[in-house]
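Turn this into a structure:
(chains A, B, C and D)
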There are 2 protein chains.
Amino acid sequence: MTTTMGRRTTAADVAREAGVSPATVGFVLNRTKGQTISEGTRARVLAAAQQLNYKPHQAARALRSGRNKIVLLVLPDWPLEHSLRTNLEVLTHALAAHGYALITFTPQPDSAATPLWAILEPAVVIGYEPFSLEQITDMKSLGIRNIIPMPGTSADQVSTDFASGPRLQTEYLLGLGHRRLGYAHPSDPRLKEFIKARLQLVNEVCAEAGGRPPIVREVQYQDDSGRAAAAAWQEAGVTAVISYNDETAADVIAGAVRSGIRVPEDLSVVGHDNSPLAARYMPSITSIALDMERLALYMAGLAMHLAEGHPLPDPPTVAASLVCRESAIAR
Amino acid sequence: MTTTMGRRTTAADVAREAGVSPATVGFVLNRTKGQTISEGTRARVLAAAQQLNYKPHQAARALRSGRNKIVLLVLPDWPLEHSLRTNLEVLTHALAAHGYALITFTPQPDSAATPLWAILEPAVVIGYEPFSLEQITDMKSLGIRNIIPMPGTSADQVSTDFASGPRLQTEYLLGLGHRRLGYAHPSDPRLKEFIKARLQLVNEVCAEAGGRPPIVREVQYQDDSGRAAAAAWQEAGVTAVISYNDETAADVIAGAVRSGIRVPEDLSVVGHDNSPLAARYMPSITSIALDMERLALYMAGLAMHLAEGHPLPDPPTVAASLVCRESAIAR
DNA sequence: GAAAATCACTAGTACGTACTAGTTCGTGGG
DNA sequence: CCCACGAACTAGTACGTACTAGTGATTTTC
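Just a heads-up that it's a prediction; the model follows:
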């Protein structure tokens, strides 16, 4: 133990131990290209670093080099779906493989708290939603140059086309012989745009099949909106309901059953996202599974491309597939 | 706009603009005590900083002062309960109010990835579980001095007594007249110790009431263990089941109903954690709500106490309360 | 009225790294 | 034999901040 108990080991300590200059230590440890180091020296430096348990000081490194290994992912305020959380895990691993740390963060619109990027000053900031001009200005004044999405650059968007999910839901129910459909969505105002987009897709598929658009209802578990919706749908002759996500599907089923409508015998229900709830509910919920892996790898590649010129990855495709369970059957 | 478009604004720029020295800028902006600054100068510096949109460079600040405003919370590998996630939110806010950023992170035991503390070098690292000696050595070699839990210091633990939850579950069912109880828990091996502790408490309450210990069963939604458990309980005359959490309670209910056992008429079930699932399930699940606010405030206080000598907060108590729903009724 | 104390500042340095601009040495070409 | 050239290094600086050790003024004290 050569520990001086208190001060941390610096590159200068390693240099002294190895009998070389601090610069050489830097060259060896960073594998600086354009610099030739003899094999013996390299080994001595490496051994000294090992022995002293040298870890470069990140703040000093960041100050000098002007970059760090932090990627900040700004999450939207809306509740994250199961598939997006999965996406995060894959993304975290993909970045970790290159020494990057992914930090996630949800800005609180009401809070006056410092945004996380001001404290971390990350190499890259990724947002699921576009940033406001104010936010971009703020980041730039902090020296953050890599922002995704950033109009006018290769990083101008990450959001992908999730069109196939709603299409699959609709086509599946139509294929089962259902003609009169319902659409259920949560009431969270932050989801408004997403609901609109998905509903639009459902409408398109219905129209292509020559059917009528679904009867749309807002459903949540906190009140009896599920019961009311179920009654309204029954009145209108609806035999199948497409739900925005699995949680809403559960609320639809609960509302129906509590109104004496059997699921799936009287009413079929499909969810979206293939969350654990879908498998756990009773009846279990037929749902849409999204394969987010390519999207995650794309985002990781994009981030590292901006941070240090890694090659640009291929644009992603998100594959959606139907997971059949108990909550939907043929008419 | 005095933007030089490229280089970020430094304290020197502000100094030049305000016609003072860089040191004065530092004194004004950091409110350095022991330094007197005339009102006029202070105002000029503040105005200049404002006008140039000056933001101190965090890496430089961290390098110079040897501390930063990052608190790293190391999450356990086990799945987080709803109440702990709530805890995180409160903790985040409490720290944000003092300019600290809370970052969470789950170490992957298999992964060779750099642990997040090596990249962030946070001021404080908090773990829900004790750290290994190896981890502590690693952090110390990175210059991290504030580690919670850290044996032999005021920060030697954070985990609190969650005794009242299981006690409440048991007392409630006994109070409803149930005499023969079951206990259901998930199979995740990472939860083993927690299950053991909670079961121990349930056993104690049963013994105090002069009853027999519950019949313990492992239940999960992926297989038919729920059905098997329900049958076994029925055979043994069990009329009420205590569940480790709400997810397991749902799995118990599903298993029972699929076996033709009615819930709550034939079998009462109580969950733990008061998650959204408990409200959403059918029947809705009677559960235990934990008030994590004080724990969160305690953790925040502890972290800031270590980081910069804020006063030590009071030790926490976690209040548990019963939320009555449909899944449990009197015998 | 001189010494001491206080006020309101400034010059300058250290933090630990990455990297530029050398310097020294050995070797091969002419 | 001298010069050029590359290999293998080193000296030294910049990054932006926080803060110590001053330095003139001005005010207080006896």
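
Any regions of the stretch 1-150 of chain A where pLDDT drops low?
Per-residue confidence of the stretch 1-150 of chain A (counting by pLDDT under 70) places the weak regions at A:1-6, A:110-111.

Next to DNA strand C in this structure, residues from it, please.
Contact residues, the stretch 1-150 of chain A versus DNA strand C (Cβ under 7 Å from any atom of the strand): A:7-8, A:10-12, A:22-23, A:26-27, A:29-30, A:32, A:54-57, A:60-61, A:63-65. Where C-beta positions appear, they are placed from N, C-alpha and C, glycine not excepted.

Buried ones among the residues you listed?
Buried residues within these, counting neighbours by 16 or more other Cβ atoms under 10 Å in any protein chain shown: A:8, A:10-11, A:26-27, A:29, A:54-57, A:60-61, A:63.

any idea how far the closest residue in space to A:Pro130 that isn't next to it in sequence is from DNA strand D?
Counting by Cβ to Cβ, 6 or more residues apart in numbering or on different chains, A:Pro149 is the residue found nearest to A:Pro130 once chain neighbours are left out, at 5.6 Å. To DNA strand D, A:Pro149 is 27 Å away according to Cβ to the nearest atom of the strand, to the nearest Å.

Then A:Asp188?
Separation of A:Asp188 from DNA strand D (Cβ to the nearest atom of the strand): 40 Å.

give me the number of residues near that residue?
When neighbours are counted by other Cβ atoms under 10 Å in any protein chain shown, A:Asp188 registers 15.

looking at it, A:Trp233 is touching A:Val241, isn't it?
Yes: counting by Cβ atoms under 8 Å, A:Trp233 touches A:Val241, with 6.6 Å between them.

ok, those two, which is more surrounded?
Higher neighbour count among A:Trp233 and A:Val241: A:Val241, with 33 against 28, using other Cβ under 10 Å.

The more buried one: which element?
strand A:240-243 (DSSP states H and E).

Describe which strands that strand pairs with in its sheet and in which direction.
Applying DSSP bridges, strand A:240-243 is found paired with strand A:181-185 (parallel), strand A:268-270 (parallel).

Is it possible to get CSV of the ones you listed that adds mean neighbour count?
Shown next, in CSV, are these (neighbours: other Cβ atoms under 10 Å in any protein chain shown):
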stretch, mean neighbour count
strand A:181-185, 26
strand A:268-270, 29
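
Could you point out which of the ones you listed sits nearest DNA strand C?
For those, proximity to DNA strand C was assessed by Cβ to the nearest atom of the strand; strand A:181-185 is nearest, at 50.4 Å.

Would you mind pulling up the elements that the next helix or strand after the closest one packs against?
Later in the chain than strand A:181-185, the nearest helix or strand by DSSP H and E is helix A:192-208. Other helices and strands packing on helix A:192-208, by 3 or more Cβ pairs under 8 Å, 6 or more residues apart in numbering or on different chains; DSSP states H and E, are helix A:164-175, strand A:181-185.

Mean neighbour count, those: which tops it?
Compared across those, strand A:181-185 shows the largest average neighbour count, a mean of 26 (mean count of other Cβ atoms under 10 Å in any protein chain shown).

So for it, mean pLDDT?
Computed over strand A:181-185, the mean pLDDT rounds to 98.

what's the offset of that strand from the middle of its chain?
In terms of Cα atoms, centre = their mean, to the nearest Å, the centre of strand A:181-185 is found 26 Å from the chain centre.
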